[in-house]
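1. Generate coordinates for the sequence data below:
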Amino acid sequence: MRVIFIGTGDVGLPTLSWLLREHTVLAVVAQPDKPVGRKQELTPPPTKRLALEHGIPVLQPRKIREPDSVSELAALAPEVIVVMAYGQILPKAILEMPARACLNLHASLLPFHRGAAPIQAAILAGDAESGITVMWMDEGLDTGDVLLTRKLRIRRRETGGTLHDRLAALAPEALADAMLLLEQGTAPRTPQNSEIATYAAKLSRQSGIIDWHASCQAIDRQVRAMNPWPASSTLLCDPAGGPERKLKVFSLIQHRRVSGEPGTVLRADKRGLLIAAGEGAALLTDVQLEGKRRMPVADFLLGHPIAPGTRMR
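-> Sure, this is the predicted structure:
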């Protein structure tokens, strides 16, 4: 079928690759290039790079609802529009444009975790499973009727990064089944139950700040969800009165039978950095001090010894 793909993030790359092999991709729509890194070099989104490698036209409107952008897409006369991780709300004129369907691939089991950060939200909530929902798009935020879902189990030590990659790989399988149903004229439309819907707000650097008054289970879920970005972090207080230092935390082990004043270092040795939580304690095992490289805690403590009783906040 004749398809326009609308997406920016790398979670959509496997889906775009599949479309390039199996259908006629008329164009790819992505967000404008953005400055990245310390040098703020203007960098194209990954979907744009893949499209250009295959000679596919790329459109990057600042606002997709602008009349010129809508007209440009309409001139392509798509049968299907496929959207995944784009970052802008589509206007009604685009939703009604394709001859067969405008479909969104959302990285959660809708109606749970609508919004911008569904992958991390599933881990934060302690969900047992996640998946890909193929949805008929409407003008709401992930509120359209469900065409189909494909599920996977969330692993015990799942991180935001590993779940991202597994859902990205699952998405083409879900879309392949959905496209077949469209071609056969048997694609279902199941309304979502909005009464049980939850929302996953866009992540920021503040999303990873650790609250040591939370339980060690909740802190563990946060650390895994925010790995690799924005990464969970805490402030390491200098007992000598020096400036506080930001310490990123990438992994920990829960100690549920240990107690202490939340945020207090209980032990610091080659086994890790044990910090009291609101319930239990967290043994940090993989960290990164601001301005330094990421490393195991045992290596970190060799250059930055920390005494029991030191406070984190």
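
2. Need the residues that contact the helix or strand bottoming out on mean pLDDT in the chain.
-> When each helix and strand of the chain is scored by mean pLDDT, DSSP states H and E, strand 34-36 comes last, with a mean of 89. Contact with strand 34-36 is made by 41-43, 45, as judged by CB atoms under 8 Å, 6 or more residues apart in numbering. From N, CA and C alone the C-beta is placed, and that goes for glycine too.

3. Adjacent strands (with direction) for it?
-> Applying DSSP bridges to the sheet, strand 34-36 is found paired with strand 41-43 (antiparallel).

4. for the chain, longest strand please?
-> Of all segments of type strand in the chain, defined using DSSP state E, the longest is strand 245-255.

5. Any stretches of the chain with poor pLDDT?
-> For the chain, the stretches with pLDDT under 70 are 239-241.

6. Correct me if wrong: R65 contacts L95.
-> No: with contact defined as CB atoms under 8 Å, R65 does not reach L95; the gap is 10.9 Å.

7. Between the two, which is the more surrounded one?
-> L95 (19 against 14; other CB atoms under 10 Å).

8. In contact with R100, which residues are there?
-> 1, 79-80, 182.

9. same thing with G7?
-> Contact analysis of G7 by CB under 8 Å, 6+ apart lists 15-16, 28-30, 47, 82-86.

10. let's see it at 7 Å
-> Neighbour list for G7: 16, 30, 47, 83-86 [criterion: CB atoms under 7 Å, 6 or more residues apart in numbering].

11. Which one of those is nearest to F300?
-> Distance to F300, by CB to CB, is smallest for A85 among these, at 34.2 Å.

12. What count of nearby residues applies to the closest one?
-> By other CB under 10 Å, neighbour count at A85 equals 23.

13. Would you mind naming the helix or strand containing it?
-> A85 belongs to no helix or strand when assigned by DSSP states H and E.

14. Quick check: closest non-adjacent residue to it.
-> Of all residues not flanking A85 in the chain, G9 sits nearest, at 3.7 Å (CB to CB, 6 or more residues apart in numbering).

15. before we move on, what about S130?
-> Nearest non-adjacent residue to S130 (CB to CB, 6+ apart): A122, at 4.4 Å.

16. which residues does the one you found contact?
-> 108, 113, 130, 154 are the contacts of A122 under CB under 7 Å, 6+ apart.

17. Test my guess that the third one contacts L152.
-> I take that to be S130. Yes: in this structure, S130 is within contact of L152 by CB atoms under 7 Å, at 6.3 Å.

18. Tell me the spacing between H164 and A116.
-> Using CB to CB, to the nearest Å, H164 is found at 13 Å from A116.

19. oh, I was asking about A51
-> 23 Å.

20. Comparing these two, which residue is more hemmed in?
-> For A51 versus A116, the count of surrounding residues by other CB under 10 Å is larger for A51: 23 against 16.

21. Could you tell me the angle between the helix ranked longest in the chain and strand 245-255?
-> Secondary structure assigned by DSSP state H gives helix 160-184 as the longest helix of the chain. Angle between the axes of helix 160-184 and strand 245-255 is 80 degrees (criterion: axes from the mean of the first three to the mean of the last three CA atoms, to 10 degrees).

22. would JSON lines of the contacts of A122 with neighbour count be doable?
-> Converted to JSON lines, those look like this (neighbours: other CB atoms under 10 Å):
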{"residue": "S108", "neighbour count": "24"}
{"residue": "H113", "neighbour count": "26"}
{"residue": "S130", "neighbour count": "26"}
{"residue": "I154", "neighbour count": "19"}
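
23. from those, which two are the most distant?
-> Longest span within those, CB to CB: H113 and I154, 12.1 Å.

24. Right, I'll leave it there.
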